[in-house]
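Any chance you could fold what I've pasted below:
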Amino acid sequence: MEHWNVLLVSHVIAALFVLAIGPFQILRRRRDRIHRTMGYLWVAAMYYVCISSFWIVTAGHFTWLHGLSAFTIVTVTLGLVSAIRHNIRSHLGNMIGSYIGIAVAFVFAVAVPGRAIPQLLAEDPATAAYVAGLVALGVVVVFVSLKRGGRTGASGGSKERTLSHFLRV
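All right, here's what the predicted structure looks like:
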């Protein structure tokens, strides 16, 4: 498929990553270091998905999806600010709303014939499955790594600095 390029591929992978992390964030009961670190990854990926969408246009025109991207940038930012301010109710509402927005965009991107993803699914389902599997594996690796808490099993008194140390989570 000639119309796939680095921007579109990275946009799709980031969107799949966001879609995969969302349920972990929403359904986990504990709001701990893992939640915060995965949340930072989720927010960064959401910003990338939304901002990169402005360079993905159909016949040189924006669609309602670009309006959704602009709105989602606002809601993700409000959710992040709410979390920093410990306004959990606002944080929860904005983040769940943002997740619903990207889920709607995903359904549209997959269900509407003529768009890149349905064409890929029809022409090369193995590649689509491979990419989806890699994204799912990536989410599992991130989660398991965070769950382990940076433990390497090395003995001795080495004082490793983990990502959580630098993020103060």
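
Count residues in the vicinity of residue 122, would you?
Counted with other C-beta atoms under 10 Å, residues neighbouring residue 122 total 10. Heads up, the C-betas are built off the backbone N, CA and C, glycines and all.

Helices of the chain, start to end?
6-27, 33-52, 64-84, 88-111, 116-123, 125-148, 163-167 (DSSP state H).

list the buried ones in the second one?
Buried residues in helix 33-52, defined by neighbour count with 16 or more other C-beta atoms under 10 Å: 33-39, 41-43, 45-50, 52.

quick one: contacts for the one residue sitting closest to the centre of the chain?
For the chain, the residue sitting closest to the mean C-alpha position, by C-alpha atoms, centre = their mean, is residue 18 at 2.0 Å. Contacts for residue 18 were tallied using C-beta atoms under 8 Å, 6 or more residues apart in numbering; they are 42, 45-46, 49, 99, 102.

By mean pLDDT, point me to the weakest helix or strand of the chain.
helix 163-167 (a mean of 51; mean pLDDT, DSSP states H and E).
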